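Colleague: could you work out the structure for the sequence below:
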Amino acid sequence: MFALVAKLYSEDINKKDFCERESLNYHTFSYWVRRYRSFHGLVKGTSTSTDDTASQNKFIPINIENFFGWFNAATSLLEPLYDVLTKELLQSNYLSSTLKGDAERAIFARNRYSLEKALY
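Modeller: Numbering: from 1, shown residues only. This next block holds a predicted model:
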């Protein structure tokens, strides 16, 4: 059915005439048009006219490298602070004092050595 909906969007025809021409039930086809729109993230009420499709193509492209560039810079600045805070938490036994059950304490005790080894 998605192929028929795509065919509808590629032609300049309304849904009712398209259903009559393709011998489809209008309400069933409308259901599949809604499914198609939600699957492809299209806005409800989008018509098939060429004016609307031209206005849909006015998206601003985003350069992913520039978007993640500021994030990488921020994380590289915060990484030393994260390492210092993690070392202080391990040294102060804060984590082991906040663990509630014996099982949690046992898991932390087993993994503490590998955490300390990775940080120091």
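Colleague: check what pLDDT Q91 gets.
Modeller: Note on Q91: pLDDT of 67.
Colleague: go on, Y120?
Modeller: 53.
Colleague: ok, now S97?
Modeller: For S97, the predicted pLDDT is 62.
Colleague: what do you get for L81?
Modeller: Listed pLDDT for L81 reads 81.
Colleague: again with the one 3 residues further on
Modeller: According to the prediction, V84 has pLDDT 80.
Colleague: which element is it on?
Modeller: helix 64-91 (DSSP states H and E).
Colleague: then A6?
Modeller: Per DSSP H and E: helix 2-10 holds A6.
Colleague: please give the number of neighbouring residues around N14.
Modeller: 12 (other Cβ atoms under 10 Å). The way it works is simple: take the backbone N, C-alpha and C, and place the C-beta from them, glycine included.
Colleague: pull out the buried residues from stretch 9-28.
Modeller: The neighbour-count check on stretch 9-28 (16 or more other Cβ atoms under 10 Å) flags 9, 13, 15, 18-19, 24 as buried.
Colleague: let's have the residues you listed in TSV, adding secondary structure and pLDDT.
Modeller: Shown next, in TSV, are the buried residues of stretch 9-28 (DSSP: H, G, I helix; E, B strand; the rest coil; pLDDT from 0 to 100):
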residue	secondary structure	pLDDT
Y9	helix	86
I13	coil	87
K15	helix	92
F18	helix	92
C19	helix	94
L24	coil	92
